[in-house]
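1. take a look and give me a structure for this.
(one chain, ligands or ions: 2)
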Amino acid sequence: MLRRLNDLMLANVDDLALIMTTEQGKPMAESRGEIAYAASFIEWFAEEARRVYGDTIPAPQADRRILALKQPVGVTAAITPWNFPAAMLTRKAGPALAAGCAMVVKPATQTPFSALAFAELAERAGVPKGLLSVLTGSASKIGGEMTRNPVVRKLTFTGSTEVGRTLMKQSADTIKKLSLELGGNAPFIVFDDADVDAAVEGAMVSKYRNTGQTCVCANRIYVQRGVLDDFTRKLVAKVEAMKVGDGTAPGVTQGPLIDAKAVEKIEEHVADAVAKGGKVLTGGKRHALGGLFYEPTVIGGATAGMLFAREETFGPLAPIFAFDTEEEAIAAANDTEFGLASYFYARDIGRIMRVAEALESGIVGVNTGLVSTAEAPFGGVKQSGLGREGSKYGLDDFLEVKYVCLAGIDK
Ligand SMILES: NC(=O)C1=CN([C@@H]2O[C@H](COP(=O)(O)OP(=O)(O)OC[C@H]3O[C@@H](n4cnc5c(N)ncnc54)[C@H](OP(=O)(O)O)[C@@H]3O)[C@@H](O)[C@H]2O)C=CC1
Ligand SMILES: O=C(O)CCCC(=O)O
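-> Numbers count the residues shown, from 1 in each chain. Ligands and ions are numbered 1, 2, ... in the order given. Down below sits the predicted model:
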């Protein structure tokens, strides 16, 4: 059934991508990419469903056998965000269905249609009615029911840390299992020994994918002084070559932001940086197209006192911080309550191991700005959340381990 669903998503990629670009704004190429990415979770968990192994454990008594069985957690609920309306849904629904759990999904109000289209395809693939439901409407009412109803055994959420905290509190009374994929504040570090051209490419992908609206987007770019000028000049040139516009128009690489609040937030971060001595190297204002378009922006001379050092911008703003030593870069990178993704570019193998181990985040990209794939565990530490999605670990969150003690087998 899941394999049929994967096939149907791929067969309908153009329609699904158009729905997504229309409601979310991302360029068509990114929407097509997201549908393929979304389908890959369905395919991956269709395969993983065959490997829900239990254990037989040697018992200390001769008349006993110890079994560990894996069973579905039961009815699950999912609340998904607007930035990846298809992939964040399938990363949750794929393992739920593969484990044998029913799921009720509440998509973001800004992007309900991608979720409804997915539900339609699930029905066409033969998913029985009621096993996967998509429910649109008031977030607080649906979220309230999802967290307080004891029938729901698990809640999985992707979105802001603030809402994640609320859902965690609301889930306390019914002791629900929780998976929370929350905000990030990803550092992107470029060391003196890095391949600067590769680092610029990586920064472009990490920072400007989905117009800067991903929780794993580089939010703070730290560059060692020896390569600072070279990296900055090349990054600014690439940023200036991007095309902003309607995501359905050919050649567009940057769509609009999701809403007026998002535009106001980037404006606030730019104004704050400029007031504190930052220099706008390109962009820095609303785009001439008007509406929700903002110019892709690079700010030089960033410092720890600026707002974006602490807060996720969630927009196309790349602040560049200079640093001198490895220790300084690691300390600055870890100076945040978040811990989702980190990136760094270096060639020295000793440094690569030291820095990868020292960074406090669930995901570390070394010499790459794009780490997401269905095979790998995605998730954060610190206040970026709980649990892992995708990979073989992604199924564990939807399974309970039942210990069966078989005694008296010698009788
Ligand atoms: N980790 C990530 O991938 C994401 C991070 N963010 C971060 O959060 C910021 C704000 O974005 P925003 O869209 O407001 O994120 P939210 O966390 O508010 O929204 C994410 C999802 O949670 C739902 N939701 C909101 N309030 C409640 C509630 N009280 N109970 C249950 N569900 C709720 C939303 O529904 P509804 O749409 O109906 O309000 C949506 O489906 C962004 O700027 C970014 O920093 C945002 C999205 C994704
Ligand atoms: O922003 C998110 O929450 C999803 C990140 C998309 C991905 O790379 O999987």
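2. so what's T297 closest to, chain neighbours aside?
-> G283 (3.2 Å; Cβ to Cβ, 6 or more residues apart in numbering). Yep, even glycine has a C-beta here, placed from its N, CA and C like the rest.
3. per-residue pLDDT, the residue of the stretch 101-250 of the chain found nearest ligand 1?
-> The stretch 101-250 of the chain approaches ligand 1 most closely through G143 (2.3 Å), counting by Cβ to the nearest ligand atom. With respect to pLDDT, G143 scores 98.
4. surely it meets A108?
-> No. With contacts counted by Cβ atoms under 8 Å, G143 stays clear of A108, the gap being 11.9 Å.
5. next SSE after the longest helix belonging to the chain?
-> When the chain is parsed with DSSP state H, its longest helix is helix 28-48. Following helix 28-48 in sequence order, the next helix or strand is strand 55-57 (DSSP states H and E).
6. by contact count, what packs against that following strand?
-> strand 65-72 (3 or more Cβ pairs under 8 Å, 6 or more residues apart in numbering; DSSP states H and E).
7. what parts of the stretch 301-411 of the chain come near ligand 2?
-> Within the stretch 301-411 of the chain, the positions near ligand 2 by Cβ under 6 Å from any ligand atom are S372, F378.
8. switch the cut-off to 8 Å
-> The stretch 301-411 of the chain comes close to ligand 2 at residues L370, V371, S372, F378, G390, as judged by Cβ under 8 Å from any ligand atom.
9. any idea which helix or strand carries the residue of the stretch 101-250 of the chain closest to ligand 1?
-> Counting by DSSP H and E, G143 is part of helix 139-148.
10. list the buried residues in that helix.
-> Buried residues in helix 139-148, counting neighbours by 16 or more other Cβ atoms under 10 Å, are found at I142, G143, M146, T147.
11. do stretch 284-299 as well
-> G284, R286, H287, L292, F293, Y294, E295, P296, T297, V298, I299.
12. what about the last one, distance to I266?
-> In this structure, I299 lies at 11 Å from I266, with Cβ to Cβ, to the nearest Å as the measure.
13. tell me, what's touching these two both at once?
-> The contact sets of I299 and I266 overlap at L317 (Cβ atoms under 8 Å, 6 or more residues apart in numbering).
14. what helix or strand is A96 located in?
-> helix 87-99.
15. any idea of the angle that helix forms with strand 65-72?
-> Helix 87-99 and strand 65-72 meet at an angle of 140 degrees, taking axes from the mean of the first three to the mean of the last three Cα atoms, to 10 degrees as the criterion.
16. does helix 87-99 reach ligand 1?
-> Yes. Against ligand 1, helix 87-99 shows contacts by Cβ under 8 Å from any ligand atom at M88.
17. what about the next helix or strand after that helix, average pLDDT?
-> For helix 87-99, the succeeding helix or strand toward the C-terminus, using DSSP H and E, is strand 103-106. Strand 103-106 carries an average pLDDT of 98.
18. CA atoms of strand 103-106 as PDB?
-> Extracted C-alpha coordinates of strand 103-106, given in PDB (Å, rounded to 0.1, in the frame of the first residue of the first chain):
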ATOM      1  CA  MET A 103      -2.800   9.000  12.300                       C
ATOM      2  CA  VAL A 104      -4.800  12.200  12.300                       C
ATOM      3  CA  VAL A 105      -3.000  15.100  10.800                       C
ATOM      4  CA  LYS A 106      -3.500  18.800  11.300                       C
END
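19. after it, which helix or strand is next?
-> helix 112-125.
20. ok, and what's touching that following helix?
-> 1-2, 4-5, 8-9, 12, 15-16, 19-20, 22-24, 38, 80, 85-86, 89-90, 93, 105, 107, 129, 132-134, 136.
21. and what of stretch 319-333?
-> Residues contacting stretch 319-333 (Cβ under 8 Å, 6+ apart): 187, 189, 191, 219-225, 228, 231-232, 235, 273, 278, 281, 298-304, 306, 308-309, 342, 344, 351, 354-355, 358-359.
22. mean confidence for that stretch?
-> Confidence over stretch 319-333 (mean pLDDT, whole number) is 98.
23. show me how far that stretch is from its chain's centre.
-> Offset of stretch 319-333 from its chain centre (Cα atoms, centre = their mean, to the nearest Å): 24 Å.
24. send me it as CSV with only the CA atoms.
-> Extracted C-alpha coordinates of stretch 319-333, given in CSV (Å, rounded to 0.1, in the frame of the first residue of the first chain):
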residue,chain,number,x,y,z
PRO,A,319,24.9,37.4,8.6
ILE,A,320,28.7,37.0,8.5
PHE,A,321,30.6,36.9,11.7
ALA,A,322,34.5,36.9,11.7
PHE,A,323,36.5,34.6,14.0
ASP,A,324,40.2,33.8,14.7
THR,A,325,40.4,30.4,16.4
GLU,A,326,38.7,27.0,16.3
GLU,A,327,37.9,27.3,20.0
GLU,A,328,36.2,30.7,19.5
ALA,A,329,34.1,29.3,16.6
ILE,A,330,32.9,26.3,18.6
ALA,A,331,32.0,28.4,21.6
ALA,A,332,30.1,30.9,19.5
ALA,A,333,28.3,28.1,17.5
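25. buried residues of that stretch, list them for me.
-> Quick answer for stretch 319-333 (16+ other Cβ under 10 Å): P319, I320, F321, F323, E326, A329, I330, A332, A333.
26. what does the stretch 1-150 of the chain put close to ligand 2?
-> Y37, P81, N83, F84, A87, M88, R91.
27. burial measure for the fifth one, as a count.
-> This means A87. 25 (other Cβ atoms under 10 Å).
28. and the residue nearest to Q170 when sequence neighbours are not counted, what's its pLDDT?
-> Residue nearest to Q170 in three dimensions, not counting chain neighbours: T147, with 3.7 Å by Cβ to Cβ, 6+ apart. At T147, the model reports a pLDDT of 98.
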